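A.B. asks: Curious how this folds, go ahead:
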Amino acid sequence: MKSHKELVEIGYRWLLRTKPRNMRTEYSACRVAFKEVSNLMKEEPDVIGFRSEASILVECKATRQDFLSDKTKEFRKCPEQGMGQYRFYLVNKDVVETSEITNGWGLLVAQKNNVRILKDSKEFESFNYMAERELLTKLLNRIAYFNLLDLINDARYRAIIYEFDCDETKE
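C.D. replies: Coordinates of the predicted model:
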C-alpha cells in the first residue's frame, strides 16, 4: 500500500507523462503540474496540472478514512467552488469502490508504478477559475522571489520532460 506522499508523486508523474497509451484526449498530458501547493483559497490540491485548454485536479487518498473525510469539505459539496475542469481521486487498490465516486469525479488506482483509470471524470463546466489563477500567481511570485524569472525567460532554457509508464485501459 502506497503512502499519501507516494500517491502524490505518482499523480504528479501521471499528469506530466509523455507517452500515454490508450489516452482519452481530455486527459492528455499536462504541460505543467504542481504538487501539494498551499493556496490562499480554501482548497489545497494534492496535484494539479494545466495545459492550454484544461486543468486536471488529482486528490490522493491513501486510506478509506481520508477519502470519507474529503467528502465533507465545502468545495466538494459545491463543485463550482472546487478547482479542476477534470477531477480525479487517486487511491490504493480496494480503498474505494467505483460506485462511491459521485458528482462527476473520476477514479484512478495506483498499481505498482502505473495508473489505471477505473472511472472517467466528467468535464466540470463550473469550477473555481479564480482559485486556480490565484494559485498560479502565487507560484509565479515564488519564482520571482528566488530570481528565477531570467531562467524562465531565457530562450535556451529546456524543461525536463518526465517519462512515466501509464496503462490507462479500463478493467
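
A.B. asks: From the contact counts, what lies against the helix or strand encompassing Ser55?
C.D. replies: According to DSSP states H and E, Ser55 maps onto strand 54-61. With contacts taken as 3 or more Cβ pairs under 8 Å, 6 or more residues apart in numbering; DSSP states H and E, strand 54-61 sits against helix 4-15, strand 47-51, helix 64-70, strand 86-92. (C-beta placed from N, C-alpha, C; glycine too.)

A.B. asks: those helices in this protein, which residues are they?
C.D. replies: In the chain, the helices defined using DSSP state H lie at 4-15, 64-70, 74-77, 129-145, 149-153.

A.B. asks: Just name the most buried of these.
C.D. replies: helix 4-15 (a mean of 21; mean count of other Cβ atoms under 10 Å).

A.B. asks: distance between that helix and the chain's centre?
C.D. replies: Computed by Cα atoms, centre = their mean, to the nearest Å, the chain-centroid distance of helix 4-15 equals 8 Å.

A.B. asks: got it, and stretch 137-148?
C.D. replies: Mean-position distance between stretch 137-148 and its chain equals 21 Å (Cα atoms, centre = their mean).

A.B. asks: Quick one: mean pLDDT for it?
C.D. replies: Taken as a whole, stretch 137-148 has a mean pLDDT of 82.

A.B. asks: circling back to that earlier point, mind putting the helices and strands packed on strand 54-61 into JSON lines with distance to Lys122 and mean pLDDT?
C.D. replies: Formatted as JSON lines, these follow (distance: least, Cβ to Cβ, whole Å; pLDDT from 0 to 100):
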{"stretch": "helix 4-15", "distance to Lys122": "18", "mean pLDDT": "94"}
{"stretch": "strand 47-51", "distance to Lys122": "17", "mean pLDDT": "92"}
{"stretch": "helix 64-70", "distance to Lys122": "18", "mean pLDDT": "93"}
{"stretch": "strand 86-92", "distance to Lys122": "8", "mean pLDDT": "95"}
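
A.B. asks: Of those, give the one that comes closest to Trp105.
C.D. replies: Taking Cβ to Cβ, strand 86-92 is the member of the helices and strands packed on strand 54-61 nearest to Trp105, at 5.0 Å.

A.B. asks: Let me know the angle separating the closest one from helix 4-15.
C.D. replies: Here strand 86-92 runs at 130 degrees with respect to helix 4-15, directions being taken by axes from the mean of the first three to the mean of the last three Cα atoms, to 10 degrees.

A.B. asks: Please point out which parts of strand 86-92 sit buried.
C.D. replies: In terms of neighbour count (16 or more other Cβ atoms under 10 Å), strand 86-92 has its buried residues at Tyr86, Arg87, Phe88, Tyr89, Leu90, Val91, Asn92.
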